[in-house]
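Peer 1: how does the following fold in three dimensions:
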Amino acid sequence: MSDGPRLRVLHVLKSLGLGGTEKVAQLFLTHLDHGRFETAAHSPEDGPRAAQIRAGGSATYVGMPLARALAAFRPQIIHLHRAGWPEPDFLRPVRDYAARNPVAVFETNVFGRYDPTPMGRVIDTHLFVSRFCAERFVRHTGVRPLWPACGVLHNPVDTDFFAAALPHGPNFSAPVLGRVSRADPGKWSRLALDILPLLAREVPGFRYRVIGGVPEAEAFVHGQGLENSVEFLPPVATDAELAAFYGGLFALAHANDAGESFGLVIAEAMACGLPVVTHPSAGERDNAQLELVEHGVTGFVATTAREYADAARWLFERPDEARRMGLAGKKRATEWFRAQEVAARLGAMYLDVLARKFGGNGV
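Peer 2: Predicted structure coming up:
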């Protein structure tokens with residue numbers, strides 16, 4: 001690539017809400033090298049993430065057709081955030097733009113799915129967010145994810161911020177579990193509820209703090225008479241709020257039957273120095289939570305409510321061991337997910353694919 005004007009990079013999303021996909025795009029846009037890349041985001045829907053993206057130094061194109069945003073910004077790199085399965089309407093403006101302009105098209109393939117359609121061929125490079133997703137892709141398609149057609153790039157986490165926000169780590173003095181998710185029944189597992197009567201009965205002073213409660217969970221708590229042990233809290237919008245929440249916990253209780261294609265909540269809890277208790281998902285469901293949580297090292301993997309409750313109680317009874325696991329998780333999060341380093345790898349991928357596609361001098 002030659003020195004010259006900054007390369008224009010447009011990240012394309014379906015919304016700018018507080019979900020993990022939107023947060024990943026925000027972190028990439030913030031931490032890409034702004035001396036080399038001019039960055040922007042497009043979404044047909046506005047949301048609280050838009051202001052955060054602009055605060056990080058990127059433009060936003062909101063509420064307009066993608067074709068109009070492409071014509072206005074004229075990107076040389078288009079980075080899509082999508083599930084990976086066929087979406088012809090989503091890809092059509094990208095195909096039409098690529099037919100008239102020199103551009104490299106990337107996607108963060110959130111769920112490791114396969115798009116065999118002609119429209120899908122507009123994508124030059126598919127990035128899987130975990131080794132699990134890449135390996136499942138191979139099992140299902142027989143297609144090996146070889147660079148530059150495919151690659152694995154973990155999602156970024158602002159580990160520096162969390163380390164500074166919690167310089168002494170979380171609170172290991174009180175038996176408090178926490179969980180974080182969207183208020184979506186699909187993000188829950190019965191394990192997240194069935195452990196509660198066990199722990200409330202067996203652990204004096206046990207508390208469970210929940211961001212993203214759903215009606216079934218609230219009904220369960222009321223039906224079991226657990227109101228004094230469980231708190232349902234409102235969503236959080238910033239890493240500062242999230243760090244304050246994690247700082248008051250002893251461990252993160254992750255439980256989601258659908259599993260995780262990455263597990264941003266887990267990675268952020270690890271960055272805060274929390275041990276994590278999780279469980280495997282059945283069959284070919286997402287299981288990247290097992291890639292992040294190493295049993296007995298950064299937390300525990302449990303398969304039943306009894307095992308899960310026992311793992312949490314073991315941590316409560318051994319704060320020094322809980323702290324050791326939390327520090328091991330923090331080290332892993334810093335090594336694997338630090339936003340500045342992940343974004344630097346993404347920037348190098350952009351340059352490599354442009355050079356391969358358009359020659360040594362790029363576009």
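Peer 1: ok so residue 81 is a helix residue?
Peer 2: No. Assigned with DSSP: H, G, I helix; E, B strand; the rest coil, residue 81 falls outside any helix and is strand.
Peer 1: roughly how far apart are it and residue 101?
Peer 2: Residue 81 is 21 Å from residue 101, where distance means C-beta to C-beta, to the nearest Å. Just so you know, the C-beta spots here come from the backbone N, C-alpha and C atoms, and that holds for glycine as well.
Peer 1: and those two? Which one has more around it.
Peer 2: The residue with more neighbours, out of residue 81 and residue 101, is residue 81; 21 against 14, by other C-beta atoms under 10 Å.
Peer 1: so what's the more buried one up against?
Peer 2: By C-beta atoms under 8 Å, 6 or more residues apart in numbering, the residues touching residue 81 are 11, 12, 13, 14, 21, 22, 24, 25, 107, 108, 110.
Peer 1: wait, the second one touches residue 77, no?
Peer 2: The reference is to residue 12. No. Residue 12 is beyond contact range of residue 77, at 10.9 Å (criterion: C-beta atoms under 8 Å).
Peer 1: show me where the protein dips below the pLDDT cut-off.
Peer 2: Applying pLDDT under 70 to the chain picks out residues 1-3, 360-363.
Peer 1: outline the domain layout of it.
Peer 2: Per automatic domain parsing, the domain ranges recorded for the chain read 7-156+338-358, 159-337.
Peer 1: what's the local residue count around the residue lying closest to residue 199 once chain neighbours are set aside?
Peer 2: The spatial neighbour of residue 199 that comes closest, neighbours along the chain excluded (C-beta to C-beta, 6 or more residues apart in numbering), is residue 206 at 4.8 Å. Residue 206: 24 surrounding residues under other C-beta under 10 Å.
Peer 1: quick check: buried residues in stretch 328-340?
Peer 2: 328, 329, 330, 332, 333, 334, 336, 337, 338, 339 (16 or more other C-beta atoms under 10 Å).
Peer 1: which ones among the residues you listed lie within strands?
Peer 2: Judged by DSSP state E, strands contain none of those.
Peer 1: ok, so of these, who is nearest residue 224?
Peer 2: Nearest to residue 224 out of the buried residues of stretch 328-340 is residue 329 (C-beta to C-beta; 30.5 Å).
Peer 1: list the contacts for that closest one?
Peer 2: So residue 329 contacts 269, 270, 271, 273, 274, 275, 276, 293, 298, 299 (C-beta under 8 Å, 6+ apart).
Peer 1: strands - which of the residues you listed land there?
Peer 2: Secondary structure assignment by DSSP E places 276, 299 of those in strands.
Peer 1: quick one: the helices in this protein?
Peer 2: Along the chain, counting by DSSP state H, helices occupy 20-31, 48-55, 66-73, 88-100, 131-141, 159-165, 191-202, 215-223, 239-247, 264-271, 289-292, 305-317, 319-337, 339-358.
Peer 1: can I get the CA coordinates of stretch 21-30 in PDB?
Peer 2: Extracted as PDB, the C-alpha positions of stretch 21-30 are listed here (Å, rounded to 0.1, in the frame of the first residue of the first chain):
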ATOM      1  CA  THR A  21     -22.800  -6.900  17.400                       C
ATOM      2  CA  GLU A  22     -23.200  -3.100  17.500                       C
ATOM      3  CA  LYS A  23     -20.700  -2.900  20.300                       C
ATOM      4  CA  VAL A  24     -18.100  -4.900  18.400                       C
ATOM      5  CA  ALA A  25     -18.500  -2.500  15.400                       C
ATOM      6  CA  GLN A  26     -18.100   0.500  17.700                       C
ATOM      7  CA  LEU A  27     -14.900  -0.900  19.200                       C
ATOM      8  CA  PHE A  28     -13.400  -1.600  15.800                       C
ATOM      9  CA  LEU A  29     -14.300   1.800  14.500                       C
ATOM     10  CA  THR A  30     -12.900   3.500  17.500                       C
END
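Peer 1: roughly how far is it from the heart of the chain?
Peer 2: 9 Å (C-alpha atoms, centre = their mean, to the nearest Å).
Peer 1: likewise stretch 174-181?
Peer 2: For stretch 174-181, the distance to the chain centre is 19 Å (C-alpha atoms, centre = their mean).
Peer 1: who's in contact with that stretch?
Peer 2: 187-188, 192, 199, 203-212, 236, 242, 245-246, 248-256, 265, 269, 277, 312, 316.
Peer 1: buried ones in that stretch?
Peer 2: Under 16+ other C-beta under 10 Å, the buried positions of stretch 174-181 are 175, 176, 177, 178, 179, 180, 181.
Peer 1: one more: stretch 102-116?
Peer 2: So for stretch 102-116, counting by 16+ other C-beta under 10 Å, buried means 103-115.
Peer 1: residue 350 against residue 6, yeah?
Peer 2: No. Residue 350 is beyond contact range of residue 6, at 11.7 Å (criterion: C-beta under 8 Å).
Peer 1: quick one, which of the two is more surrounded?
Peer 2: The neighbour count for residue 350 versus residue 6, taken as other C-beta under 10 Å, is higher for residue 350 (23 against 13).
Peer 1: contacting residues for that one?
Peer 2: Residue 350 touches 7, 9, 37, 77, 104, 106, counting by C-beta under 8 Å, 6+ apart.
Peer 1: try it again with 6 Å
Peer 2: residue 77 (C-beta atoms under 6 Å, 6 or more residues apart in numbering).
Peer 1: go on, residue 88?
Peer 2: Contacts of residue 88 (C-beta under 6 Å, 6+ apart): residue 119.
Peer 1: for residue 144, which non-adjacent residue is spatially closest?
Peer 2: residue 138 (5.9 Å).
Peer 1: give me the distance between the one you found and residue 280.
Peer 2: Distance of residue 138 to residue 280, computed by C-beta to C-beta: 20 Å.
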